[in-house]
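> prediction below, plus the sequence it came from.
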Amino acid sequence: MSLSNEQKSQIAQQLADGASIADIQRLIVDDYKIPMTYMEVRFLMDDLNLDLAPPPEPEPDAEADADSLEAQPAEAELVGGDGSVSVEMDKIKRPGAALSGSVTFSDGVSANWTVDPYGRLGLDCAQEGYQPSPEDIEAFQLELQRQMQGPAGL
């Protein structure tokens, strides 16, 4: 498998223009008639010190920004039951969890929560049979979403 300097420069240009690894593989296989697996193309890119072009930044949409600000809940909306719901994220995630932390509901009952790698939310309460109020669940989900979108989140 040897590529000419012209072919290497074409590959570099394609990558700079936003081509994917699969696009480069098709170029090599179809145009250059060199059979190459996806992994071999990846190694070739590494050997040639080539990287994928970063995805283009989306244009900021003033209307969308205004809508997202309006959609964010105010702190007063996070109050459920007799008090407020407080959510904390663990600095070190629990094993098997994408995210984890603890929550204290408005009635003072605490629980541990996890989000698994598939995005499913789990709640583990020490008080057996405990069911938070619908308002507390909503406040918990909103606060968790807010924290995940903030600088300390993902």
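Now that the structure is in, tell me what you want to look at. Residues are numbered from 1 along each chain as shown.

> buried stuff in stretch 8-19?
Neighbour-count burial for stretch 8-19 flags 10-12, 14-15, 19 (criterion: 16 or more other Cβ atoms under 10 Å). Placement of C-beta: from N, CA and C, glycine included.

> kindly check the end-to-end length of stretch 121-141 for me.
For stretch 121-141, the first and last residues are 9 Å from each other (Cα to Cα, to the nearest Å).

> quick check, Gln25 in contact with Met36.
Yes. Using Cβ atoms under 8 Å, Gln25 makes contact with Met36 at a distance of 6.2 Å.

> what sits in contact with each of the two?
Counting by Cβ atoms under 8 Å, 6 or more residues apart in numbering, Gln25 and Met36 have no common neighbour.

> quick one: which of the buried residues of stretch 8-19 sit in helices?
Of the buried residues of stretch 8-19, the ones assigned to helices by DSSP state H are 10-12, 14-15.

> now, which of those sits nearest Leu44?
Leu44 has its nearest neighbour among those in Ile11, at 7.8 Å by Cβ to Cβ.

> can you get me the start-to-end distance on stretch 95-104?
First-to-last residue span, stretch 95-104, Cα to Cα: 22 Å.

> contacts for it next, please.
With contacts defined as Cβ under 8 Å, 6+ apart, stretch 95-104 is touched by 85-90, 93-94, 110-117, 119, 123, 140, 144, 148, 154.

> separation between the closest residue to Ser20 other than its chain neighbours and Ala97?
Nearest non-adjacent residue to Ser20, counting by Cβ to Cβ, 6 or more residues apart in numbering: Leu52, 7.1 Å away. According to Cβ to Cβ, to the nearest Å, Leu52 and Ala97 sit 30 Å apart.

> now Asp30: phi and psi?
Taking degrees, to the nearest 10, you get phi -80, psi -50 for the backbone angles of Asp30.

> centre of the chain to the longest helix anywhere in the chain, how far?
Ranked by number of residues, the top helix in the chain under DSSP H is helix 134-149. Averaging C-alpha positions (Cα atoms, centre = their mean, to the nearest Å) puts helix 134-149 17 Å from its chain's average.

> before we move on, what about stretch 33-48?
With Cα atoms, centre = their mean as the basis, the mean position of stretch 33-48 lies at 28 Å from the chain mean.
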